[in-house]
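**Q** Quick one: sequence plus predicted model below, questions after.
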Amino acid sequence: METASKKESISRTLNWMKCLGNVWCKLSAVNLDHRHFNDLTGVYIVWHAGPNPHVVYIGHGIIRDRLLKHRTDERIQQYADLDLFVTWARVDEPDHEGVEAYLAEKWQPKVGERHPQSSPIQTNSPW
């Protein structure tokens, strides 16, 4: 019998997006005017390539708005010479913070001092 103190494990399977040709999208080049981004909310991951690829930022919200902002965010753009890539997944709003919290704990992004204090919701990674 399970005790009340044991937390229920929650998980989600996400469909991480790529660009045309099934390639990872460059943050600077993804067409954010495309209708795909109309009313799209969810979570996203920005990372850099280079000899030692690393996650730069993990966030959630209205994907178009957030990615537009990150194109000019100096904290993120300092890695532009290593090529910045992005992927995103549609996530229901009540789960945004939990999914972000899980991904941030797993990937330890270089930028982002605030991560949700929500209970992590386990999910698949894009890689």
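**A** Nice, I can see it. Numbering: from 1, shown residues only.
**Q** Name every strand pairing with the helix or strand bottoming out on mean pLDDT in the chain and say which way it goes.
**A** Lowest on mean pLDDT, DSSP states H and E among the helices and strands of the chain sits strand 11-12, with a mean of 88. Using DSSP bridges, the strands paired with strand 11-12 in its sheet are strand 122-123 (parallel).
**Q** contact partners of the partner strand?
**A** Outside strand 122-123, the residues that touch it by C-beta atoms under 8 Å, 6 or more residues apart in numbering are 9-14, 99, 102-103. For glycine as for every other residue, the C-beta is placed from the backbone atoms N, C-alpha and C.
**Q** Restricted to buried residues, select the residues you listed in PyMOL.
**A** Those of the contacts of strand 122-123 that meet the burial criterion (16 or more other C-beta atoms under 10 Å) are gathered into one PyMOL selection, given here:
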select buried, resi 12+14+99+102+103
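**Q** wait, which of the contacts of strand 122-123 is closest to Gly21?
**A** Within the set of the contacts of strand 122-123, Leu14 lies nearest Gly21; the separation is 20.8 Å, counting by C-beta to C-beta.
**Q** so who does the closest one touch?
**A** With contact taken as C-beta under 8 Å, 6+ apart, Leu14 is in contact with 43, 89-91, 99, 123-124.
**Q** ok, for it, nearest residue in space, not its chain neighbours?
**A** Of all residues beyond its chain neighbours, the one nearest Leu14 is Ala89 (3.8 Å), with distances taken as C-beta to C-beta, 6 or more residues apart in numbering.
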